[in-house]
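Chemist: Structure, please.
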Amino acid sequence: MRRVQADVALDLAAIEADGYTVIDGLLSASEVAAAREALAPHLAREIWGRNDFEGHRTQRVYSLVGKGKVFEELAEHPRIMGICDALLDPSYLLTASQAIAIHPGETPQDFHNDDAFYPLPRPRRAVSVSTIWAVDAFMVGNGATQIVPGSHRWGDDELATRLAHIDFQTAPPGARTPRPKTLPPSWTSLVRDVTMPPGSVVVFLGTLVHRGGENRSAAPRLALSNQYCQPWARPQENFFLTIPPERVRAMSPRVQQLLGYGIHPPFMGHAEGVHPLKYIER
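Modeler: Residues are numbered from 1 along each chain as shown. Sure thing, here's the model as predicted:
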């Protein structure tokens, strides 16, 4: 326990300074293999992105936490919980849980920050914390995440000046082709590729500017991503609809809480005036 606390303290120092930290080898080879095996049936389907932001050569498996025990355990990993405990208010929530497979030919995303849809003035405290776990090695040229260190401190004016408009519009099936993108010269010195071996994770603030990289390699790059948000913020995914109550009942108390089956004082999250877990159990 003391070792975890010491490690988390180092993580938090890096996040405070740069907006992110990379933790190498947090998952064992067997844990990575188990995640890959559990994902295989889902990735066997044709589930390409519907818009430029999702990526037309990118597969996404949403509500990942409900797809297997290995993903439940990932969502409540002690090291990640230690970081979130320090950065978010008690009873924080899981806001997004997905697998992301960037295939050859995919172009980079537009730069963005994950809590941009919370309309609060910047600079400010982050509303969310993101994690991206490497199942495949993250390398320059195979879709490794690209981040802008220190951008978590940018204000609204700097964001408006630097970030392009993001196209979330659903494209017609015949027009779902990756769009080429060029990195402006002024960004060259700002951007850092997050290279890391399988089993590693990059943890960053929702205010940090980043994007999925271009995959110029011959193989997909698979990753898992969980995001956590303040208990008073609306989550991105509606887990109440995508994960059956009978599955929730079998989950750990911590994961149940992360999915919203809890109360944020004094009574946010109740169901007809009672605790939501009592509601689904009766």
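Chemist: Secondary structure element holding Gln257?
Modeler: Using DSSP states H and E, Gln257 maps to helix 253-258.
Chemist: what do you get for Ala96?
Modeler: With DSSP H and E as the criterion, Ala96 is inside strand 93-102.
Chemist: Can you name the next helix or strand after that strand?
Modeler: strand 128-134.
Chemist: tell me what that following strand is packed against?
Modeler: helix 78-87, strand 201-205, strand 221-229 (3 or more C-beta pairs under 8 Å, 6 or more residues apart in numbering; DSSP states H and E). Any C-beta I mention is one placed from the backbone N, CA and C, and that applies to glycine too.
Chemist: JSON lines for those, including distance to Gly25?
Modeler: Listed next are these as JSON lines, based on distance: least, C-beta to C-beta, whole Å:
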{"stretch": "helix 78-87", "distance to Gly25": "11"}
{"stretch": "strand 201-205", "distance to Gly25": "9"}
{"stretch": "strand 221-229", "distance to Gly25": "15"}
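Chemist: by how many degrees do the strand holding Ala96 and strand 221-229 diverge?
Modeler: Here the directions of strand 93-102 and strand 221-229 differ by 170 degrees (axes from the mean of the first three to the mean of the last three C-alpha atoms, to 10 degrees).
Chemist: pLDDT value on Ala171, please?
Modeler: With respect to pLDDT, Ala171 scores 94.
Chemist: mind listing what it touches?
Modeler: 50-52, 56 (C-beta atoms under 8 Å, 6 or more residues apart in numbering).
Chemist: try Arg162
Modeler: Arg162 neighbours (C-beta under 8 Å, 6+ apart): 111, 154, 187, 209.
Chemist: so the second one makes contact with Leu190?
Modeler: When you say that, I think you mean Trp154. No - between Trp154 and Leu190 no contact is recorded; they are 10.7 Å apart, counting by C-beta atoms under 8 Å.
Chemist: how about low-confidence regions in this protein?
Modeler: 1-2 (pLDDT under 70).
Chemist: can you give me the strands for it?
Modeler: 20-23, 58-61, 93-102, 128-134, 146-147, 192-193, 201-205, 210-211, 221-229 (DSSP state E).
Chemist: Can you add mean neighbour count and distance to Glu73 and give those strands back as JSON lines?
Modeler: Shown next, in JSON lines, are those (neighbours: other C-beta atoms under 10 Å; distance: least, C-beta to C-beta, whole Å):
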{"stretch": "strand 20-23", "mean neighbour count": "22", "distance to Glu73": "16"}
{"stretch": "strand 58-61", "mean neighbour count": "21", "distance to Glu73": "17"}
{"stretch": "strand 93-102", "mean neighbour count": "24", "distance to Glu73": "12"}
{"stretch": "strand 128-134", "mean neighbour count": "26", "distance to Glu73": "12"}
{"stretch": "strand 146-147", "mean neighbour count": "24", "distance to Glu73": "26"}
{"stretch": "strand 192-193", "mean neighbour count": "14", "distance to Glu73": "28"}
{"stretch": "strand 201-205", "mean neighbour count": "25", "distance to Glu73": "14"}
{"stretch": "strand 210-211", "mean neighbour count": "22", "distance to Glu73": "25"}
{"stretch": "strand 221-229", "mean neighbour count": "24", "distance to Glu73": "11"}
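Chemist: could the ones you listed be laid out in TSV, adding distance to Leu39?
Modeler: Shown next, in TSV, are the strands of the chain (distance: least, C-beta to C-beta, whole Å):
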stretch	distance to Leu39
strand 20-23	21
strand 58-61	7
strand 93-102	5
strand 128-134	12
strand 146-147	23
strand 192-193	24
strand 201-205	16
strand 210-211	22
strand 221-229	7
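Chemist: closest to Leu163 out of these?
Modeler: strand 210-211 (10.2 Å; C-beta to C-beta).
Chemist: Which strands or helices does that closest one pack on?
Modeler: Checking 3+ C-beta pairs under 8 Å, 6+ apart, strand 210-211 ends up next to strand 146-147.
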